[in-house]
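In: Pasting the sequence and the predicted coordinates here, then a few questions.
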Amino acid sequence: MSRLHERYQKEVLPWLQKEMGYPNRMAAPRLEKIVLNMGIGEAIQNIKALDAAAAELGQITGQKAIVTRAKKSIANFKLRKNMPIGASVTLRGERMYEFLDRLVNIVLPRVRDFKGLSSKSF
């Protein structure tokens, strides 16, 4: 069990039940999934850029990325329906908690001039 998941189970969940008045553990809010996606505009001309981006996303998450495709054609972008334009990964369970733990404790503190996360980004 990851550190973040363990802390949620042992500290945060009892506090939420006590302070917010949730009747049981299942009523309290919890993380279900984290979805990471990359839109690659260059993929319209260069398919290899999409492969590289999907491989990077796979290395970051430890899970294979799926290729996302255009839902409709847009003539101004020279985009046709079903053209590959991005990559996406959905993390659940322990991989999700491990990823979030590494993001919060390792990656974000190393970002130069980091001012915090916007509450509107969630």
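Out: Received the coordinates, thanks.

In: what's the following helix or strand after the top helix by length along the chain?
Out: With DSSP state H applied, the helix covering the greatest number of residues in the chain is identified as helix 47-61. Sequence order places strand 66-69 as the next helix or strand after helix 47-61, per DSSP states H and E.

In: Give me the residue ranges of this protein where confidence is low.
Out: The model of the chain has pLDDT under 70 over residues 122.

In: Would you map the strands across it?
Out: Along the chain, the segments classed as strands by DSSP state E run 34-39, 66-69, 84-91.

In: For the shortest one, could you pull out the residues that count as buried?
Out: Read that as strand 66-69. Across strand 66-69, burial judged by 16 or more other C-beta atoms under 10 Å covers 67-68. For every residue, glycine as well, the C-beta is placed using N, CA and C.

In: for the longest one, same thing?
Out: Of the residues in strand 84-91, those buried under the neighbour-count criterion (16+ other C-beta under 10 Å) are 84-87, 89, 91.

In: Ok, the first one next?
Out: Applying a neighbour-count criterion of 16+ other C-beta under 10 Å, the buried positions in strand 34-39 are 34, 38.

In: for the strands of the chain, which one sits closest to Ala55?
Out: Of all those, strand 84-91 sits nearest to Ala55, with 8.9 Å by C-beta to C-beta.

In: Which strands and helices lie in contact with that closest one?
Out: Here strand 84-91 touches strand 34-39, helix 47-61, strand 66-69, going by 3 or more C-beta pairs under 8 Å, 6 or more residues apart in numbering; DSSP states H and E.

In: can you redo the ones you listed as a markdown table with distance to Pro23?
Out: Listed next are the helices and strands packed on strand 84-91 as a markdown table, based on distance: least, C-beta to C-beta, whole Å:
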| stretch | distance to Pro23 |
| --- | --- |
| strand 34-39 | 27 |
| helix 47-61 | 35 |
| strand 66-69 | 38 |
